[in-house]
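Peer 1: Predicted model and sequence follow; I will ask about them next.
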Amino acid sequence: EQIEKGGYDHFMLKEIHEQPKAINDTYRGRLLRQEAIIKMAGVEDNMKKFLNANRIIIVACGTSWHAGLVAEYIFEDLARIPVEVEYASEFRYRNPIITEKDIVIAISQSGETADTLAAIKLAKSKGTFVFGVCNVVGSSIARETHAGAYTHAGPEIGVASTKAFTTQITVLTLIALRLSRAKGTISSSEFRQHLLELEMIPDKIISALKSDTHIKEISDLYKDSRNCLYLGRGYNFPVALEGALKLKEISYIHAEGYPAAEMKHGPIALIDENMPIVVIATKKGHYEKVVSNIQEIKSRKGKIIAIVTEGDTQVRALADHVIEVPETLESLSPLITTIPLQLLSYHIAVLLGKNVDQPRNLAKSVTVE
Ligand code: G6P
């Protein structure tokens, strides 16, 4: 097992560090920047269906559901296709309205999650085309779907999902970009810029990983907290949910993710000097709005850990701690802002002496209903 961990203390840490390579593996052979094209057989073969779809319904569970939420922003923003994101377990039991004019995208790392599999079968029974985004090749979901795209993240052993999440986002981004081009909802220069920026993501993750020691120091200060809030807006709202999920899963600290603007409708009541609040406050995407949220937190003495763009000064002046990440397009930012949140939960759990790779009560794949 020590050899399998490749010199890292835990699989989770190894998998966090594998993300630059995993993302590269995800887009290799699909993103052809010189030719300015994206090639994905499963999408190409079903292009008509995608272009004629009234809407896309994404079904998934857990972290994969969060990847679906990020995809909702990308698909609607770039490809202008209406998207709904559903927990597979809710979708399958509520007699959903779906027709052959809809497309279902099922996202699953393992390809074995019972609720997701059942949701797929239900959609198929209504004549709906189902596209799978799986990591495990030949898994039940990969076989049950009409077409799909693998994430190529490689085996993920840690129960808390890390590289599966960022590679799912990568695949979904490639699909959204391909459809945007086909629909003409994105200009050729915008498309090229996305390809260029996508290719720079692995290096930017490497750079984000350099904050590891700093994040460990912050973790030490907050490891004994009972609660933690995570806030983000737009593309980074699902990242806040995922950050909170990671902390809950492996450190057993109660954490909640919220869209920053919703803070005033409830979570703000929880804020006092004992509440750490992780805020994703990168430059692109509602920056000024997030800054005013940070001011509201500060005036209530909450402890602010902000994820900021390199060189930021405005948030730095307000926050208790800042963790810098390289700048990228807003639409690609979840791939970068997720990294410090993974490290934060990892270090807190390690400092608390928890079983990081196999947290209590959780399974890597939930094959029961
Ligand atoms: C379990 C795992 C999570 C995962 C979820 C969905 O709860 O612990 O990490 O996100 O199942 O799994 P899937 O394999 O369908 O992505």
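Peer 2: Yep, it's here.
Peer 1: For the ligand, what's the nearest residue on this structure?
Peer 2: Ranked by CB to the nearest ligand atom, the top residue of the chain for proximity to the ligand is Gly62, at 2.8 Å. Any C-beta I mention is one placed from the backbone N, CA and C, and that applies to glycine too.
Peer 1: need the contact list for that residue.
Peer 2: Thr113, Ser161, Leu245 (CB atoms under 8 Å, 6 or more residues apart in numbering).
Peer 1: pretty sure the last one is in a helix, no?
Peer 2: Yes - with DSSP: H, G, I helix; E, B strand; the rest coil as the criterion, Leu245 is assigned to a helix.
Peer 1: Contact partners for it?
Peer 2: So Leu245 contacts Gly62, Thr63, His66, Ala255, Gly257 (CB under 8 Å, 6+ apart).
Peer 1: From the structure, what's the count of residues near the fourth one?
Peer 2: Right, Ala255. If you count neighbours by other CB atoms under 10 Å, Ala255 ends up with 23.
Peer 1: Would you mind giving both backbone torsions of it?
Peer 2: Backbone torsions for Ala255, taken as degrees, to the nearest 10, come to phi -140, psi 150.
Peer 1: For it, give me its contacts.
Peer 2: Contact partners of Ala255, counting by CB under 8 Å, 6+ apart, are Asn227, Cys228, Leu229, Tyr230, Gly243, Ala244, Leu245, Leu247, Lys248.
Peer 1: pLDDT score assigned to it?
Peer 2: For Ala255, the model assigns a pLDDT of 98.
Peer 1: Just list whatever residues bridge to it.
Peer 2: Partner residues in beta bridges with Ala255, using DSSP bridges, are Cys228.
Peer 1: Could you measure from it over to Asn54?
Peer 2: Applying CB to CB, to the nearest Å, the value for Ala255 to Asn54 is 36 Å.
Peer 1: what does the model give the residue of the chain most remote from its centre for pLDDT?
Peer 2: Distance from the C-alpha centroid of the chain, by CA atoms, centre = their mean, peaks at Ser299 (30.3 Å). In this model, Ser299 is scored at 96, pLDDT.
Peer 1: From Ile271, how far off is it?
Peer 2: For Ser299, the distance to Ile271 equals 9 Å [CB to CB].
Peer 1: One more: Ala114?
Peer 2: Counting by CB to CB, the gap from Ala114 to Ile271 is 38 Å.
Peer 1: can you give me phi and psi for Ile205?
Peer 2: Backbone torsions of Ile205, given as degrees, to the nearest 10, read phi -70, psi -40.
Peer 1: residues contacting Tyr235?
Peer 2: Listed by CB under 8 Å, 6+ apart, the contact set of Tyr235 reads Val70, Tyr73, Ile74, Gly285, Glu330, Ser331, Ser333, Pro334.
Peer 1: Could you turn the buried ones of those residues into a ChimeraX selection?
Peer 2: Filtering the contacts of Tyr235 down to the buried ones (16 or more other CB atoms under 10 Å) takes a single ChimeraX command:
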select :70,73,74,285,330,331,333,334
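Peer 1: could the contacts of Gly62 go into TSV alongside pLDDT and distance to Glu1?
Peer 2: TSV is the format used below for the contacts of Gly62 (pLDDT from 0 to 100; distance: CB to CB, whole Å):
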residue	pLDDT	distance to Glu1
Thr113	97	25
Ser161	98	20
Leu245	98	26
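Peer 1: Looking at those, spot the one nearest Met12.
Peer 2: Closest approach between these and Met12, by CB to CB: Ser161, at 9.3 Å.
Peer 1: Test my guess that the closest one contacts Ile107.
Peer 2: No - counting by CB atoms under 8 Å, Ser161 stays clear of Ile107, with 11.1 Å between them.
Peer 1: Which element, helix or strand, includes Ile277?
Peer 2: Per DSSP states H and E: Ile277 is located in strand 276-281.
Peer 1: What helices and strands are in contact with that strand?
Peer 2: Identification of packing neighbours for strand 276-281 by 3 or more CB pairs under 8 Å, 6 or more residues apart in numbering; DSSP states H and E yields strand 227-232, helix 237-251, helix 287-299, strand 303-309, helix 334-351.
Peer 1: And the third one, what's buried?
Peer 2: When burial is assessed from 16+ other CB under 10 Å, helix 287-299 yields the following buried residues: Tyr287, Val290, Val291, Asn293, Ile294, Ile297, Lys298.
Peer 1: residues touching the second one, list them.
Peer 2: Put plainly, it is Val290. Counting by CB under 8 Å, 6+ apart, Val290 makes contact with Leu231, Gly232, Arg233, Ala260, Val279, Ile280, Ala281, Val315.
Peer 1: Filter these down to the buried ones, PyMOL style.
Peer 2: Buried residues among the contacts of Val290 (16+ other CB under 10 Å), as a PyMOL selection:
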select buried, resi 231+232+233+260+279+280+281+315
